[in-house]
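Chemist: Quick one, what's the 3D model for this:
(chains A, B, C and D)
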There are 4 protein chains.
Amino acid sequence: MMKIAIVGATGYGGAELVRILRQHPHVSIHSVHASSLHGEPLSGSYPHMQTLVDDPLQSVDVEKMAQEVDLVFTATPSGVARDLAPQFIEKGVKVIDLSGDFRIQDQTAYEAWYKIESADKDLLEKAVYGLTEWVDVDVTETMLLSNPGCYPTSILLGLVPLVQHNLIDENSIIIDAKTGVSGAGKGVSQATHFAETNDNFKIYKANEHQHTPEIEQGLQRWNDNVNAVTFTPHLAPMTRGIMATMYATVKDDTSAEKLINLYKESYADDYFVRIREEGTFPSTKEVYGSNFCDIGITYDERTKRVTVVSVIDNLVKGASGQAVQNMNKMLGIDEKTGINFMPVFP
Amino acid sequence: MMKIAIVGATGYGGAELVRILRQHPHVSIHSVHASSLHGEPLSGSYPHMQTLVDDPLQSVDVEKMAQEVDLVFTATPSGVARDLAPQFIEKGVKVIDLSGDFRIQDQTAYEAWYKIESADKDLLEKAVYGLTEWVDVDVTETMLLSNPGCYPTSILLGLVPLVQHNLIDENSIIIDAKTGVSGAGKGVSQATHFAETNDNFKIYKANEHQHTPEIEQGLQRWNDNVNAVTFTPHLAPMTRGIMATMYATVKDDTSAEKLINLYKESYADDYFVRIREEGTFPSTKEVYGSNFCDIGITYDERTKRVTVVSVIDNLVKGASGQAVQNMNKMLGIDEKTGINFMPVFP
Amino acid sequence: MMKIAIVGATGYGGAELVRILRQHPHVSIHSVHASSLHGEPLSGSYPHMQTLVDDPLQSVDVEKMAQEVDLVFTATPSGVARDLAPQFIEKGVKVIDLSGDFRIQDQTAYEAWYKIESADKDLLEKAVYGLTEWVDVDVTETMLLSNPGCYPTSILLGLVPLVQHNLIDENSIIIDAKTGVSGAGKGVSQATHFAETNDNFKIYKANEHQHTPEIEQGLQRWNDNVNAVTFTPHLAPMTRGIMATMYATVKDDTSAEKLINLYKESYADDYFVRIREEGTFPSTKEVYGSNFCDIGITYDERTKRVTVVSVIDNLVKGASGQAVQNMNKMLGIDEKTGINFMPVFP
Amino acid sequence: MMKIAIVGATGYGGAELVRILRQHPHVSIHSVHASSLHGEPLSGSYPHMQTLVDDPLQSVDVEKMAQEVDLVFTATPSGVARDLAPQFIEKGVKVIDLSGDFRIQDQTAYEAWYKIESADKDLLEKAVYGLTEWVDVDVTETMLLSNPGCYPTSILLGLVPLVQHNLIDENSIIIDAKTGVSGAGKGVSQATHFAETNDNFKIYKANEHQHTPEIEQGLQRWNDNVNAVTFTPHLAPMTRGIMATMYATVKDDTSAEKLINLYKESYADDYFVRIREEGTFPSTKEVYGSNFCDIGITYDERTKRVTVVSVIDNLVKGASGQAVQNMNKMLGIDEKTGINFMPVFP
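Modeler: I've put the predicted structure just below:
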């Protein structure tokens, strides 16, 4: 059994890691860490964990943790892992970071969109960007894995086959994304007040969301010609789930059938990506609580546009589930281990 | 007091007409009609109307109604008003139709999208398309007013200023729309089952929704060059509200400020259209239960794209509220009469 | 037109007063007041009010307000009206208070349940408790009207006929109440975070809610023998609405029919209380956005228990709507004036 | 691996059995059966199962199934298992029935509340009522296990310690229960239409719910003096979850502390029942997707009443999870096997 620690266990991403890892057959949760509430049980913050995870919250003591654990998950606010990860790595402890700190190779872009200082260049270069289905390096020796953002996960899984095969006008990409409210995190604000969110549909940060450079970088990796994309996030009155509806103009006439076949081939070996048959589309509830990304594709001859619809659970495939999927690959075991849940429906 | 009748009073559109017209100072509801439940009070179908509207449901007797009422609202399934409206008009009774029967001038297009027979050409020509803010004929003598669809109302109010002023590439229009579940009507189906809709976000009829030709016709009226648009409807887990997020590439560089000023001028005399200040966007709840259409606009220099966000209450400005607004204009009275409600928030 | 001021306009109760009073035919909103954001428009806090109520928020200046307005609504946190109301009254300005400050005649009970100092005894004696349907004094000269709490309104309207007619064991009263989240007010907290409230049902303050003494006092007014009641509030995942399900053991055998007839007689002259027919019960949505209180009654021969179900919109009949109903009575005009809305359904 | 079949796989209970059993280490799902859609994959009815459970739906062929499977789950409408179970048992196949057909020993009561014919007396006598924590017989040889109803599970787990220890007035029991909409099943109806259920709270079948005799029988098993109880079900706008709030008058003065200790002792060996500390109460989301039943207890000296709050996921501990828990006991393995999920929160 590998021993792991979770830093940022009181956030939603951290709590979801606890839910998943608690039953992982090759891993034991050695300790849970947070920036406050030290000594109180994690179940004090999350009553649903009572009797299951009553471990006390601890402060982060790199020295001590390095002696006790093999791998650390950092599910922390921007800027925390930037400083913490190198300390663990230096002591031989692997890090999987769920924040945005190591996702953007372009430091200038990071600082422009995140408004804080970037991580060191050499650390960024060491970090493997863990969009699991598209990682093409052996990660069994990787010390620092940067887990993708929730939006970029749903979007890149939906668009990479198109840009990789050079099928679409690279300047025509529009992404209209919708997320559940858990995406805003556990912190309270007027924007997440039930009375003002329930029965309401909102748009926010249009053209200004910090996941934009991550999406563009992810696409450019497969196609140099991709430039700026339009990315519009919305807040839907639901707890979990992301749907990204993506539009692009094709270069040459095609058909839904051809495109669906392309996607099926692209993801033929990827258990967690499911391609829908022609004429059907996924909804967010159909992946609720699971690590699946379901994708539907259609093509409109009238407009020469392809529409790709991708759904994930933002806290699972969009965060903690994918982090464990990456951990599995780093351990050299089956990627499904411990995360092969069926979606909870209804 | 003008006497009116509502045909299709047991549907959501009909019930909303009842809610609004019950307190209209110049109108009295003479009778409510439905295809079944004759003799039972309307409040039997809608307990919230108890003691307020206990009128018995009646069948449709054109002869009798023509002697008793001045105007008929038809809030009926496709194909019903097509046959019924001419009978009323012939007897001198005005008709405001809330169905799609008289919205599409192109009979071939209607039949292709609606899959039923179109209304007669001469009747279509008589029908005034009542997107109230953009009607430019005197409707005080109009016998047949065709009330716009819910999606087209939100979309056309959002896009007309752009196409009218020739600001956007006519082939670049993409509309990503989200509706509440009341848009699906009162009928029951697996698709509207609470357990399968709650906490769920769905896409449906991508590129295939019957409102598409209505949207295209509405845009073409102001700009011949508009061709096919991409229109994608989604179902959000909420009761009321539509948000249309609309994308287009501009012909010449512009700015959010310029565009917002254009919209403010376009709607300077339109009480029910409210343009948001730069950097702010409307949410659906901010028009809940009201006849307002709120519009936000932004522009992205990186992509040369404008994003327009338009929200309405699908049952009010998207159906019954606009129908009453049109009725007011047909009566020659202030368009606000009886529909000047503040949105219900939270 | 009578001029009124609203103190506490940025809370949900205050905002709902604005929504209602804006169209009241005999009243004009002279000014809106809050403890912060002075100079900013009220619509800055409530975008749905844009173009409708852009009045700047003001601090409370008793001297100035007393010269300009006839009546002040205080929709303020506990303890504020206690100190403010006497200043207005002294200057001849009437006050309708929506807080709990003047509801409890027993100062010891107030201080035990509210944990703050009570209002002065002589002021409490002057205050009329405005459960409108049961007020039996002429309020046209009343200077201080204490508007009931949301829970007590739904509960007392449901139980008074039973205790008044001495039909139930006074020690058997159990009240299981459910409220929407707007009842918690506009302030943010973990308890109102959408992600933790949506799809969730909670119980809170069992036997400890500060509305308990108000309920008991309200019942004791009609029946000295009433002692302590069991009152359990719950939080339902919805925005508006209260349902109180109330249980009591009858003294003598009875029937649903007899009880329903008693309620119909009790409320024969009360437009805003609607009694349901035998075998049917109201739901909260059936009074949404309206000033109605709908009541259903059943009786179980097996247990000799009566069950009374009462629903209101907590922000309308449970707060601002009833406050305006009381204002109407203070003005000597029809109680329905300006609040005769049909519920918004669906 | 034991082979099992699920009859009624297209209902919510059946689908939840599939979700759970798919990963059970000692069981394989041999076949899924329904009354229609034969030959179509189960994932046709439940797209979230695509690629996971594409098994074709089959009709019920007792002969064939008896040769192929060891145990059958019947998750069928009332009256189906009554006729089907004896056929399986006769051929040596064990049956776990999730319907109400074998729950009520009193045939007259069954027929009065369910309005259909009861099962045979001798079959009823053979059936073990599987409220797992309170089963006191060895079930390893049991041929017919009757799985409790969702409401009775939450209620009996909450009340049995009180009646067993003779602590409460047996005539004082009032149960105010709230369920999510999945409790109404997958069938469509006006009552489950999203637009009429969302943001709405309803009461239904007050004093008339068919689970009443099951609750009374369950209590009487531990205390002969229990007579009729008051049971009031409500429908909350959420997908999953039951909260039962239960009230009773104590015979002798007690305290929350004493009662909580009693519950902790009663359930000391029961992993799936969690007793909350004094002053805290569970909410439904805290058991979402899990087999836990969380219980909070308080006592009010003013009224001498105890309040017990019990929450479950109606589809897990209230149906399929408990059925698997029972199966585990019938197999003689750890009751937690395959159902030890942490609740999904948020």
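
Chemist: what about residue A:3, is that helix, strand or coil?
Modeler: The local conformation at residue A:3, judged by DSSP: H, G, I helix; E, B strand; the rest coil, is strand.

Chemist: Write down the beta-bridge partners of it, one by one.
Modeler: Note on residue A:3: beta-bridge partners residue A:28, judged by DSSP bridges.

Chemist: Give me the number of neighbouring residues for it.
Modeler: Using other Cβ atoms under 10 Å in any protein chain shown as the criterion, residue A:3 is surrounded by 14 other residues. (Each C-beta comes from the backbone N, C-alpha and C, glycine too.)

Chemist: Surely it is in contact with residue A:24?
Modeler: No. Counting by Cβ atoms under 8 Å, residue A:3 does not reach residue A:24; the two are 11.8 Å apart.

Chemist: does chain D sit close to the helix of greatest length in chain A?
Modeler: Among the elements of chain A assigned as helix by DSSP state H, the one spanning the most residues is helix A:150-164. No. Contact check for helix A:150-164 against chain D, using Cβ under 8 Å from any Cβ of the partner chain: none in range, with a minimum separation of 14.4 Å.

Chemist: Quick one: check that helix for contact with chain C.
Modeler: No. For a cut-off given as Cβ under 8 Å from any Cβ, helix A:150-164 has no contacts with chain C; the smallest distance is 13.7 Å.

Chemist: Show me what that helix is packed against.
Modeler: Under the contact criterion of 3 or more Cβ pairs under 8 Å, 6 or more residues apart in numbering or on different chains; DSSP states H and E, helix A:150-164 touches strand A:174-179, helix A:212-220, strand A:230-235, strand A:242-249, helix A:256-266, strand A:293-300, strand A:305-312.

Chemist: Redo those as TSV? Include mean neighbour count and mean pLDDT.
Modeler: TSV is the format used below for the helices and strands packed on helix A:150-164 (neighbours: other Cβ atoms under 10 Å in any protein chain shown; pLDDT from 0 to 100):
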stretch	mean neighbour count	mean pLDDT
strand A:174-179	26	98
helix A:212-220	23	98
strand A:230-235	25	98
strand A:242-249	26	98
helix A:256-266	17	98
strand A:293-300	25	98
strand A:305-312	27	98
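
Chemist: confidence score at residue A:198?
Modeler: Here the pLDDT value assigned to residue A:198 is 98.

Chemist: which ones are touching it?
Modeler: Under the criterion of Cβ atoms under 8 Å, 6 or more residues apart in numbering or on different chains, the contact partners of residue A:198 comprise A:237, B:238, B:346, C:181, C:194, C:198, C:237, C:238, C:239, D:199.

Chemist: Residue A:88 against residue A:95, yeah?
Modeler: Yes. Applying Cβ under 8 Å as the test, residue A:88 and residue A:95 come out as touching, 5.1 Å apart.

Chemist: from the stretch 151-300 of chain A, which residue is nearest to chain D?
Modeler: Among the residues of the stretch 151-300 of chain A, residue A:286 lies nearest to chain D; the distance is 4.0 Å by Cβ to the nearest Cβ.

Chemist: backbone phi and psi for the spatially closest residue to that residue that is not a sequence neighbour, please?
Modeler: Closest residue to residue A:286 apart from its sequence neighbours, by Cβ to Cβ, 6 or more residues apart in numbering or on different chains: residue D:48 at 4.0 Å. Here is the backbone geometry of residue D:48 (degrees, to the nearest 10): phi -70, psi -10.

Chemist: count of neighbours near residue D:48?
Modeler: Other residues within reach of residue D:48, judged by other Cβ under 10 Å, total 25.

Chemist: residues touching the closest residue to residue A:176 other than its chain neighbours, list them.
Modeler: Counting by Cβ to Cβ, 6+ apart, residue B:176 is the residue found nearest to residue A:176 once chain neighbours are left out, at 4.0 Å. Contacts for residue B:176 (Cβ under 8 Å, 6+ apart) come out as A:176, A:245, A:247, B:232, B:234, B:244, B:245, B:246, B:247.
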